[in-house]
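Novice: need the 3D shape of this:
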Amino acid sequence: MKYKNTKFKTFNPKSLSIIRKVLNAKLKKIGKYYRFELINKVDKRKLALEIYPQIKIGNKKGNLVTVYALNSLLQLHFCNGFIVSEELNEVTFIGEFNGKLSGLIVEREAGCSIFANVDKYILSSDFTKLSPEVMISGIALSLAESLVTTRK
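Specialist: All right, here's what the predicted structure looks like:
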């Protein structure tokens, strides 16, 4: 199966429109941030995805991605890129710092996952040689390999 994945480095009207389409979500601009609302009536799940482009985070500026779900709140500080996958109906937001990668994945069906502090080299590793617990993060974030530079 061939996947059509699109990578982005910035949040702009075009990329936000593509996120809206892939997630099949309503988009609202609220002040200086954007909010997507996802509802899965079959599984009775809801979540809100908020994107704060280039806001002050401590003493620096960066992108903040927040997910509000029924029993959780997830945040990815300094998001520096994202991949949309039309075939998987999901968006993977990536943050990278000191050789570590964090990814926040939001699914059209109002599901989400977060993987934090993953060594970048795992993305290009032989998954069959990793333990199942580690393999999961490598596979989940492998779409983002083109956004980061991996070194062993």
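
Novice: I51 contacts F11, doesn't it?
Specialist: Yes. Between I51 and F11 a contact is recorded at 5.7 Å, counting by C-beta atoms under 8 Å. Yep, even glycine has a C-beta here, placed from its N, CA and C like the rest.

Novice: identify the contacts common to the two.
Specialist: Y34, N63 (C-beta atoms under 8 Å, 6 or more residues apart in numbering).

Novice: surely K120 meets G103?
Specialist: No. Contact criterion C-beta under 8 Å: K120 and G103 do not qualify, at 11.1 Å.

Novice: mind listing the helices for this protein?
Specialist: Here the chain has its helices, by DSSP state H, at 13-23, 132-141.

Novice: now do the same end-to-end measure for stretch 64-73.
Specialist: One end of stretch 64-73 to the other measures 13 Å (C-alpha to C-alpha, to the nearest Å).

Novice: off-centre distance for it?
Specialist: Taking C-alpha atoms, centre = their mean, to the nearest Å, one finds the center of stretch 64-73 at 12 Å from the center of the full chain.

Novice: what's the answer for stretch 76-85, then?
Specialist: 5 Å.

Novice: still on that earlier bit, between K120 and G103, which one's more packed in?
Specialist: Set K120 next to G103 and count neighbours by other C-beta atoms under 10 Å: G103 wins out with 26 against 18.
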